[in-house]
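**Student:** dropping a prediction and its sequence here:
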Amino acid sequence: MYFLGIDLGTSSVKVLAINDNNEIAGDVTREYPVYFPQDKWAQQDPADWWKQTVLAIKELIHDLNIPGDQVRAISFSGQMHGLVALGAQNEVLTPAILWCDQRTQMECDEITAFFGQEKLSIYTGNKALTGFTAPKILWVKKNLPEVFAKTRHILLPKDYIRLMLTGGYATDVSDASGMLLLDVKNRRWSQEMLGFLEIKEEQLPKLYESYEVTGVVTEQVKIELGLEGEILVVGGAGDQAAGAIGTGTVEDGIVSVTLGTSGVVFAAHEFFAVDEKNRLHAFCHANGKYHSMGVMLSAASCLKWWAETIHPGIGFDTLLEEAEKAEFDSSRLVFLPYLMGERTPYSDPDAKGCFIGMTATTTRGHMTRAVLEGVAFGLYDSLKILEELKVPIKQVRVIGGGARSALWKQILADVFSLEIQEINTNLGGALGAAILAAVGAKRYATVDEGCRAMIKVINRITPIYENVEKYKSIYPLYVDLYADLKKWFEKSAIS
């Protein structure tokens, strides 16, 4: 039997299959466009998602020569926060407004002003951000009242694919956590938020845990896909929770760090935890527990900027070799990685990137190393907040494009003073979704069991004591710099 994971991303959909032997059988990726009709707007056509998902499933089944009756279950990983507004006949009423759309700052301010941050945190576990779904609903209500009046169903992106597969309206609590509509602590819709937006609970999808069966594939869709028999459709998860399943970040003490364009620090834990300043996202996890998540807006993109914009033609390998040869700069050169503003821990769109501490002896190697260290310090900010929340941290699993750099992984181990683990796969969300499908089909008894079967640690990087002690003295300087430069950031944004 095979279990399929559908990873509906921002620019493409990946469909991955695992089999009864705990093996990844293969995967297929299909792309679709993002539309930017106005400044700060980002939209997609849900029909594109469905078309490319169908093509990807059919291609994967063909490539792997999977018999039509050998697909047992399907689940999802999905780009979070997006608003899909449907009418009475499931017609799409307006283009899907994506997570990266920034048009709703006024709506975020309105929500925060109405509730106050303390009550908003009690009701939803989070603060109002432009990426979240509730501000998008409020924007539609104010700017597209005819669409708001016709809206009968509100879905997240992956749940539109579920609707097309099953004909049912459902979501999972991990993805719903990013809507600012969920009472995260109690894993139910927030009646306070629904009342404020003037929407009814029946307009929202039914809530499930990520590993629960939400329906079966319809006969019509099975014919279209060339499949037979009962095919279960399982809850799935938001992309970050599914990605954490795909790295085995399900047990207390394991933290995953994503060194992608942005940086994500993700910790699973048994208890619900909210930091008083809402610096971390507090979400339901896909294994029935909870997770905390910090996001820095520029991580591997800092190295990409340094290599491609500042040093075009030099190449990443050369720059990293120079950085490895560069000793700790005696001037304690520090790089602030705020090239796109920052979210955790400051939530400051005006913050800027900068080098502090250059001298006549500073080399390009020192500066490249400072970029790597600055990103590591930014990720460490989130780890420090997790420590404040009493979340156990014993080991860190690193994924993403930046994880290809051995030097960067060693710097992370030294800054964190923790063991860094490399795992046997980098397929993240798609693999996490496939594991959830297998759990829903009872191939695995629990999500944790599925992770243990599929995900193995293949390398461990231990901290170098001498470096740990040096970074302990540099990190406080990094922290102080933001406070010292905040007024300048604000003034430069105004000018």
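**Tutor:** Arrived safely.
**Student:** ranges for the strands of the stretch 251-400 of the chain?
**Tutor:** Applying DSSP state E, counting those that start in this stretch to the stretch 251-400 of the chain gives strands spanning 253-259, 263-269, 281-284, 290-296, 334-336, 354-356, 393-399.
**Student:** can you list these in a markdown table and add mean neighbour count and mean pLDDT?
**Tutor:** Just so you know, the C-beta spots here come from the backbone N, C-alpha and C atoms, and that holds for glycine as well. Compiled in a markdown table, the strands of the stretch 251-400 of the chain are given as follows (neighbours: other Cβ atoms under 10 Å; pLDDT from 0 to 100):
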| stretch | mean neighbour count | mean pLDDT |
| --- | --- | --- |
| strand 253-259 | 25 | 92 |
| strand 263-269 | 26 | 94 |
| strand 281-284 | 25 | 95 |
| strand 290-296 | 25 | 94 |
| strand 334-336 | 23 | 97 |
| strand 354-356 | 16 | 96 |
| strand 393-399 | 19 | 92 |
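**Student:** nearest to L372, out of these?
**Tutor:** Closest to L372 of those is strand 334-336 (Cβ to Cβ; 8.5 Å).
**Student:** what pLDDT does S495 get?
**Tutor:** pLDDT recorded at S495 is 54.
**Student:** tell me how far the closest residue in space to V217 that isn't next to it in sequence lies from D69.
**Tutor:** Among residues not flanking V217 along the chain, I231 sits closest, at 4.1 Å (Cβ to Cβ, 6 or more residues apart in numbering). Distance of I231 to D69, given as Cβ to Cβ, to the nearest Å: 9 Å.
**Student:** how about stretch 221-237: buried residues?
**Tutor:** Going by neighbour count (16 or more other Cβ atoms under 10 Å), the buried part of stretch 221-237 is 221-222, 225, 227, 231-237.
**Student:** quick one on the thing from earlier: of all the strands of the stretch 251-400 of the chain, which one comes closest to Y208?
**Tutor:** strand 281-284 (10.9 Å).
**Student:** quick one: contacts for the closest residue in space to A403 that isn't next to it in sequence?
**Tutor:** Among residues not flanking A403 along the chain, L259 sits closest, at 5.2 Å (Cβ to Cβ, 6+ apart). Applying Cβ atoms under 8 Å, 6 or more residues apart in numbering, we find L259 in contact with 299-300, 375, 398-403, 408.
**Student:** if you count contacts, what does the helix or strand containing L481 end up packed against?
**Tutor:** Using DSSP states H and E, L481 sits in helix 465-494. Applying 3 or more Cβ pairs under 8 Å, 6 or more residues apart in numbering; DSSP states H and E, one finds that helix 465-494 makes contact with strand 334-336, helix 364-388, helix 406-416.
**Student:** you'd agree T247 is up against I455?
**Tutor:** Yes - between T247 and I455 there is a contact at 6.6 Å, judged by Cβ atoms under 8 Å.
**Student:** report how many residues lie close to A241.
**Tutor:** Neighbourhood size, A241 [other Cβ atoms under 10 Å]: 34.
**Student:** in JSON lines, list the helices and strands packed on helix 465-494 along with distance to P33.
**Tutor:** As requested, the helices and strands packed on helix 465-494 are exported to JSON lines (distance: least, Cβ to Cβ, whole Å):
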{"stretch": "strand 334-336", "distance to P33": "34"}
{"stretch": "helix 364-388", "distance to P33": "30"}
{"stretch": "helix 406-416", "distance to P33": "32"}
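**Student:** closest one to G313 among the ones you listed?
**Tutor:** helix 364-388 (13.3 Å).
**Student:** can you give me the angle the closest one makes with strand 393-399?
**Tutor:** Computed by axes from the mean of the first three to the mean of the last three Cα atoms, to 10 degrees, the angle separating helix 364-388 from strand 393-399 equals 130 degrees.
**Student:** how about helix 364-388: buried residues?
**Tutor:** Of the residues in helix 364-388, 364-383, 385-386 count as buried by neighbour count, 16+ other Cβ under 10 Å.
**Student:** compute the inter-axis angle for it and strand 263-269.
**Tutor:** If you take the same axes, to 10 degrees, helix 364-388 sits at 30 degrees to strand 263-269.
**Student:** quick one: average confidence on helix 364-388?
**Tutor:** On average, helix 364-388 scores 96.
**Student:** how far off centre is it?
**Tutor:** Relative to its chain's centre, helix 364-388 lies at 19 Å (Cα atoms, centre = their mean, to the nearest Å).
**Student:** before we move on, what about stretch 50-59?
**Tutor:** What separates the centre of stretch 50-59 from the centre of its chain is 23 Å, taken as Cα atoms, centre = their mean.
**Student:** same check on stretch 290-298?
**Tutor:** Stretch 290-298 sits 8 Å away from the centroid of its parent chain (Cα atoms, centre = their mean).
**Student:** most neighbours among the contacts of L259, please name it.
**Tutor:** A299 (28 neighbours).
**Student:** can you list the domains in the protein?
**Tutor:** In the assignment given by automatic domain parsing, the structural domains of the chain cover 2-241, 248-424+464-495.
**Student:** just put the ones you listed in CSV and tack on distance to G450.
**Tutor:** Shown next, in CSV, are these (distance: least, Cβ to Cβ, whole Å):
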stretch, distance to G450
domain 2-241, 9
domain 248-424+464-495, 9
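**Student:** of the ones you listed, which shows the lowest average pLDDT?
**Tutor:** When those are ranked by mean pLDDT, domain 248-424+464-495 comes last with a mean of 92.
**Student:** which residues of the stretch 101-250 of the chain fall in strands?
**Tutor:** Going by DSSP E, counting those that start in this stretch, the stretch 101-250 of the chain shows strands at 153-155, 170-172, 182-183, 188-189, 206-208, 213-216, 232-234, 237-238.
**Student:** show me what contacts the spatially most central residue of the chain?
**Tutor:** The centroid of the chain falls nearest to Q240 when counting by Cα atoms, centre = their mean (3.4 Å). Neighbouring residues of Q240 by Cβ under 8 Å, 6+ apart: 80, 264, 266, 283, 291, 293.
**Student:** partners of the fifth one in the sheet?
**Tutor:** Beta-bridge pairing of H291, defined through DSSP bridges, involves A268, F283.
**Student:** does it really touch F272, like I thought?
**Tutor:** No - with contact defined as Cβ under 8 Å, H291 does not reach F272; the gap is 10.0 Å.
**Student:** find the residues that touch each one of these two.
**Tutor:** Contacts common to H291 and F272, judged by Cβ under 8 Å, 6+ apart, are absent.
**Student:** and among the strands of the stretch 101-250 of the chain, the most buried is which?
**Tutor:** strand 237-238 (a mean of 35; mean count of other Cβ atoms under 10 Å).
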